[in-house]
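[1] Need the 3D shape of this:
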Amino acid sequence: MENDVTQYELVTTWRGGMTSRTRCQSCTVGGRVQSSQKYIIDSDEPEALGGTGLAPGPRELMLAAFNACMTAAFISEADRLNVTVTHLEIQTAGKLHTGLPVSSVQDVDDWIHYTLHVRGSGGIREFENIHSGVISSSPTRWLLAQNMTIEGDLIVN
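    Okay, here's the model as predicted:
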């Protein structure tokens, strides 16, 4: 399917210290540019890592992308299974190194743990099926899982 591949163009400019600004220039899906808006994402490191802490750091942005991708995948899977979602919140915690270890990537013990809080027309089994579908369909989750442990809990309210 041609909508399975998206192309992105971004430009990141250093702004001094540990700060940068990324301009999202374009997103193309199936050969068609989807938006002419120019999104801006600022990044900085916490003070303890040499930044000013005035914007999220790269790892926070990565976890925000993880949550956003999981959210989109959850809603898409729920729609596919005709389940209405009335509330969805993902709480994520992670232990992420600030650099790669000198010896090897196998020595990294980074992890992410998330909890999905969901409410809607489905029962526990339906939401468990949706969560399983999310695990197998979220590209950001898949990419991160190649290098760390990811564990999740589902709470149906």
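[2] who does the lowest-mean-pLDDT helix or strand in the chain pair up with?
    Of all helical and strand segments in the chain, the minimum by mean pLDDT, DSSP states H and E falls on strand 32-33, at a mean of 82. With DSSP bridges as the test, strand 32-33 is paired with strand 20-29 (antiparallel).
[3] picking up where we left off before, which residues sit against the least confident helix or strand of the chain?
    Contacts of strand 32-33 from elsewhere in the structure, counted by Cβ atoms under 8 Å, 6 or more residues apart in numbering, are 26-27. From N, CA and C alone the C-beta is placed, and that goes for glycine too.
[4] moving C-terminal of it, what's the next helix or strand?
    Note on strand 32-33: by DSSP states H and E, the next helix or strand toward the C-terminus is strand 39-43.
[5] Pull out the buried residues from whatever helix or strand comes next after that following strand.
    Moving toward the C-terminus from strand 39-43, the next helix or strand (DSSP H and E) is helix 58-80. Neighbour-count burial for helix 58-80, counted by 16 or more other Cβ atoms under 10 Å, picks out 59-60, 62-63, 66-67, 69-71, 73-74, 77-78.
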